[in-house]
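Asks: here is a sequence with its predicted model. Questions after.
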Amino acid sequence: MKRRYHVLRAHSLGSAEREFATDVLVGLTERPKRISSRWFYDAHGSELFAEICDQEAYYLTRVEHEILSAQAEDFVSAFRGTPFNLVDLGAGDGRKTVLLLDAAQRLGLDCRYVPIDVSESALDDLIERMQARYPDLEIEGVVSEYLHGIEWLVEQAPRRASLVAFLGSNVGNFDRAGAARFLRRLWNALLADDGLLIGFDLKKDPDVLLAAYNDPRGLTRRFNLNLLTRINRELGGHFDLQRFAHFGTYNVFSGAMESYLLSLCYQEVRIDALERSFTFKPFEPLHTEYSFKYLDEDVLRMAQETGFAVQARHWDDEHRFCDALWRVVKAS
Ligand SMILES: C[S@@+](CC[C@H](N)C(=O)[O-])C[C@H]1O[C@@H](n2cnc3c(N)ncnc32)[C@H](O)[C@@H]1O
């Protein structure tokens, strides 16, 4: 079989570890303490996330799958006759992206697949599966943080048209100001008329949200605590996982599901790579994740404020989730 894939590892392992150490140092010295959710996704974190997606209560994956099943051809059909990159930002296991790739194949489109993910193991597994499913598909995988991956796009010559898929409501991991900053950067890296297919989890009954993020099998709890396991393994941390509890809550004012690790007692935790210890007071929170929820009007406003035109919006039957197709508007 002809080899049609390539993986760019944007960081050497050493520099990725330094970045992790710096983020942990900065985050644990802030008040309140916080660590970015991007660090959830080591090999085990990516596996746990895939299991979370299979849970009945975690409706996000199921309903977005429903939308893409019905609309995939519409989302890719603008690229008839134009070679294009299907960029999968935070690709994960790509279980919904296959709907877009299948549609591109059915329509005979000239599509190169560009998954970008900070999780090296998830990306390697994904590429292996995609290569087996689509032997002739050209794949350029990028192991990196979103924006570094996007820089890779900018450096390509000649530039190709792109459809960027930002699925799974990943945008909700940014707070409102951070999402706008991120979308403007993305706009800046894209060409006029490029597409952004972006998933938004919508505001809904908080009980439905709380059930989705506090599953009965405790997968979300393990996913959250895995961050401490990762610090222990990669940075020589001395976290005792028995002394922390997972806490997921919905903030009705900001409209975000928020995940925390709560210290169950007074404790000092040393992290060898940082050559220092951190004090946790009883029930002190460590913030680990935002999952912002949106109204339909937010989807329109965010596009307008960040340089995109809304081309299409589609919802699942119960109006839980919206996938919007935005187009980059640039003065020629
Ligand atoms: C919530 S999962 C969504 C996966 C997939 N897009 C879906 O809809 O099922 C987030 C994925 O984005 C990746 N990720 C998280 N933060 C990232 C970042 N800052 N840069 C690149 N990838 C990131 C994770 O490794 C994970 O695979």
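Replies: Thanks, I have it.

Asks: what about whichever residue of the stretch 151-300 of the chain sits closest to the ligand, is that helix, strand or coil?
Replies: Closest contact between the stretch 151-300 of the chain and the ligand, by C-beta to the nearest ligand atom, is at Gly168 (2.4 Å). Heads up, the C-betas are built off the backbone N, CA and C, glycines and all. Here Gly168 is recorded as coil under DSSP: H, G, I helix; E, B strand; the rest coil.

Asks: hmm, it is touching Asp88, no?
Replies: No - Gly168 lies out of contact with Asp88 (C-beta atoms under 8 Å); the separation is 10.3 Å.

Asks: okay, those two: which has more neighbours?
Replies: Set Gly168 next to Asp88 and count neighbours by other C-beta atoms under 10 Å: Asp88 wins out with 29 against 23.

Asks: tell me which residues touch the more buried one, please.
Replies: Gly94, Thr97, Tyr113, Val114, Pro115, Ile116, Asp117, Ala165, Leu167 (C-beta atoms under 8 Å, 6 or more residues apart in numbering).

Asks: wasn't it part of a strand?
Replies: Yes - under three-state DSSP, Asp88 falls within a strand.

Asks: follow-up on the earlier one: nearest to the ligand among the contacts of Asp88?
Replies: Lowest distance from the ligand to the contacts of Asp88 (C-beta to the nearest ligand atom) belongs to Leu167, with 3.7 Å.

Asks: ok, the closest one to Phe79 distance?
Replies: Applying C-beta to C-beta, to the nearest Å, the value for Leu167 to Phe79 is 18 Å.

Asks: also Glu268?
Replies: For Glu268 relative to Phe79 (C-beta to C-beta), the value is 56 Å.

Asks: one more: Asp110?
Replies: 8 Å.

Asks: which residue of the two possesses the greater neighbour count?
Replies: Phe79 (22 against 13).

Asks: now that one: how far from Ala103?
Replies: Using C-beta to C-beta, Phe79 is found at 11 Å from Ala103.
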